[in-house]
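Novice: Turn this into a model:
(one chain, ligands or ions: 1)
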Amino acid sequence: MTTVKTRFAPSPTGMLHIGGARTALFNYLYARHTGGEYLVRIEDTDAERNTPEAVDAIRQGLTWLGLMPDSDWVFQSKRLDAHKAAVEKLLAAGHAYKCFCTTEELDALRAEAESKGQAFKYPHIWRDRTDHPAGKPFVVRIKLPLDGTTSWDDAVQGRIDYPNTELDDFIIARSDGTPVYNLAVVVDDIDMGVTHVLRGDDHINNTPKQIAIYKALGAAIPTFGHVPLIHGPDGKKLSKRHGSVSTLAYRDMGYLPEALLNYLMRLGWSHGDQEIMSIDEAVAAFDMTHINKGPANFDFAKLDWLNAHYMKAAAPERLVELMTPFLKAPLTPAKRDLVIKGMPGLVQRAKRLTELAEAAHIYLDEPPFAFTEQAATALADGGKERIKEHVIPALNRLNDWSHDALDGAIKQVVTDGGFKFPQIGMPLRAALTGTTQAPAVTELLEVLGKDESLRRLSSL
Ligand code: GLU
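Specialist: Below you'll find the predicted structure:
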């Protein structure tokens, strides 16, 4: 039995696209599910469009999501000799031929076909000729069957049939000897032992050409699975217009990697109606038959919902590390402890790390506070005085700083002074944090502890 080998083969032309990250994930899941291997190949043969920054962005994106392969990356540009050798092999076997047509000749034929309203197809001029001119430039074309059908059972799309008459004897090596993309992909997939090619459905039209190359090289044809592209909420192809399409941008917007992974795995693949699924569960459950044939629509609200879920599940120590880049200033050890203590409350109020960092400022800002408008209002009209005269003395007397004791003490202040609860609760919250958008007062007091609470209240 052959071991499954999948691969993610991005072209490093910019960022790691969110659709690319999903393709990587599906390849990862299928390989892990079958006990196979998952590989990454950087398709960097287009020197004009490829940049080292783009390679780095792919590396960072895959690392962040935990989708790095076990083995080293393959760089397609390093495999030029293998690609050229395959072209030679095809020529020697008579599966490919040299075509000496000049650009002018082909342009004229193309113009003629167009004037008749026909689609241009290379008319096999050099397919069977042997009178090769010496020293003239040539391209190498593959010799395709003249009739019949190229078919494959696509693991996602089902059976796909291509009449061979629609295919051309396409070029596999340019006049400077460099092999074309379709040739390089096939040679690399053969040499890497790839058994399953799971990729975007924008490659469907390349597949019959690639199958022709596999056949001509006498190699086993892998299983192909073409995954529909991701669309925006409006049903149009996902683009910047909808939001970010760069994987790392989601990290920088404050999403957790496991939330984005969960979101991406469900985007176009389903396991019953289970929405929350860990990567391990997905590895156990993944199959290609449940990848949707139609495009999936990106739903930002659902991603937020998943992120909120995973933030609540994450350890406070980890959340503090992850949110640190979003804070206005670095954390001191004492502040760090305070935020960790307050995390269960903070995390209830945030969908992303950015919001969490914002919420954490109630513990980070130092008195005297720049009060928000609502906080200033809460402290006006006797609010400040109520804190000074009633709350501070009551809290000073309190030795048991437990939730229940604090709750009892505050209620006592309310009852003894004949107040309504908000007359104490609102100014107290404002005095402790500078804002009224904060957790319940007992929670605040508990997290801050007696000394810090009284220090803040005394600064009024
Ligand atoms: N390099 C191609 C791309 O980025 C993918 C090729 C493939 O998966 O076969 O779209």
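Novice: Quick check on Gly158: phi, psi?
Specialist: In terms of degrees, to the nearest 10, the main-chain angles of Gly158 are phi 90, psi -160.
Novice: mind listing what it touches?
Specialist: Lys293 (CB atoms under 8 Å, 6 or more residues apart in numbering). Every residue, glycine included, has its C-beta placed from N, CA and C.
Novice: same check, this time on Glu446
Specialist: Contacts of Glu446 (CB under 8 Å, 6+ apart): 401-403, 406.
Novice: how close does Glu446 sit to Asp365?
Specialist: Using CB to CB, to the nearest Å, one gets 18 Å for the distance from Glu446 to Asp365.
Novice: and what of Ser246?
Specialist: Taking CB to CB, one finds Ser246 at 32 Å from Asp365.
Novice: likewise Val187?
Specialist: 60 Å.
Novice: hey, where'd the strands end up in the stretch 51-200 of the chain?
Specialist: 74-75, 96-99, 139-142, 149-154, 158-163, 171-173, 196-200 (DSSP state E, counting those that start in this stretch).
Novice: closest one to the ligand among those strands?
Specialist: strand 196-200 (3.6 Å; CB to the nearest ligand atom).
Novice: ok and the following helix or strand past the closest one relative to strand 196-200, angle-wise?
Specialist: Sequence order places helix 207-217 as the next helix or strand after strand 196-200, per DSSP states H and E. Orientation of helix 207-217 against strand 196-200 (axes from the mean of the first three to the mean of the last three CA atoms, to 10 degrees) gives an angle of 150 degrees.
Novice: Could I get the buried residue list for helix 207-217?
Specialist: Residues of helix 207-217 classed as buried by neighbour count (16 or more other CB atoms under 10 Å): 207-214, 216-217.
Novice: what's the answer for stretch 406-419, then?
Specialist: Within stretch 406-419, the residues that count as buried by 16+ other CB under 10 Å are 406, 409-410, 413-414.
Novice: correct me, but Ile362 touches Thr436?
Specialist: No - with contact defined as CB atoms under 8 Å, Ile362 does not count as touching Thr436 (10.4 Å).
Novice: quick one, which of those two is more surrounded?
Specialist: Ile362 (25 against 19; other CB atoms under 10 Å).
Novice: near the ligand, which residues of this structure show up?
Specialist: Contacts of the chain with the ligand, taken as CB under 6 Å from any ligand atom, map to 9-11, 43, 185, 197, 199, 203.
Novice: that older thread, of the buried residues of stretch 406-419, which is the nearest to the ligand?
Specialist: If you rank those by distance to the ligand using CB to the nearest ligand atom, Leu406 comes first, at 58.3 Å.
Novice: Can you say which helix or strand has the closest one in it?
Specialist: helix 403-417.
Novice: The helix or strand following that helix vs helix 403-417, what angle?
Specialist: Under the assignment DSSP H and E, the closest C-terminal helix or strand after helix 403-417 is helix 421-433. Angle, helix 421-433 to helix 403-417, by the same axes, to 10 degrees: 120 degrees.
Novice: Just the buried residues of helix 421-433, please?
Specialist: Neighbour-count burial for helix 421-433, counted by 16+ other CB under 10 Å, picks out 423-433.
Novice: Which secondary structure elements does the helix or strand hosting His226 sit against?
Specialist: In the assignment (DSSP H and E), His226 maps to strand 223-227. When contacts are defined as 3 or more CB pairs under 8 Å, 6 or more residues apart in numbering; DSSP states H and E, strand 223-227 sits against helix 18-33, strand 149-154, strand 196-200.
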